[in-house]
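Q: Sequence first, predicted model second:
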Amino acid sequence: MKRTIKISIAGQQYVLRSDADEGYVQSLAESVNTRINDLKGSRQVATQSDVVLAALKLADELQHEQQARTRLRTQARQQVQHMLDRLNLCIDQPESVPVAVPAAAKGRGRRGRVDQ
């Protein structure tokens, strides 16, 4: 259900309609204000350039995060495909799959040894 939320960005009041939690929307506005305040420095009022630069910085961060997410998804898909290929090989040709022997078990025969 959409509700009315009042926020302030760079001293300007805005009324939004959103189904998002009000606290979440307020935190977004605070994030934008922090960026603008970092750019305006000691000046009392933010300029339009401050607002535009803050928006560009946020868009840049978003773009980098989206690219990183895409890279991670691609890597995960490749790793899963590699594991599926190996599992299929084990199922189709079990004799062709090398058996890994843990280093601790090497040279002890099948039963291993119990140390006291």
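A: In hand now; what should we look at?

Q: Can you list the residue ranges for helices in this structure?
A: Remark: helices assigned in the chain by DSSP state H are 22-40, 48-92.

Q: shaky segments in this structure?
A: Applying pLDDT under 70 to the chain flags residues 104-116.

Q: Pick out the residue nearest the middle of it.
A: Central residue of the chain (CA atoms, centre = their mean): R69, 5.7 Å from the mean position.

Q: Need the winner for burial among the helices of the chain.
A: Using mean count of other CB atoms under 10 Å, the stretch among these with the greatest mean number of neighbours is helix 22-40 (a mean of 15). Any C-beta I mention is one placed from the backbone N, CA and C, and that applies to glycine too.

Q: How far does it sit from its chain's centre?
A: Relative to its parent chain, helix 22-40 has a centroid offset of 20 Å by CA atoms, centre = their mean, to the nearest Å.

Q: Over to stretch 81-90?
A: A distance of 27 Å separates the centroid of the chain from that of stretch 81-90, by CA atoms, centre = their mean.

Q: what does it contact?
A: For stretch 81-90, contacts defined as CB atoms under 8 Å, 6 or more residues apart in numbering pick out 96-97.
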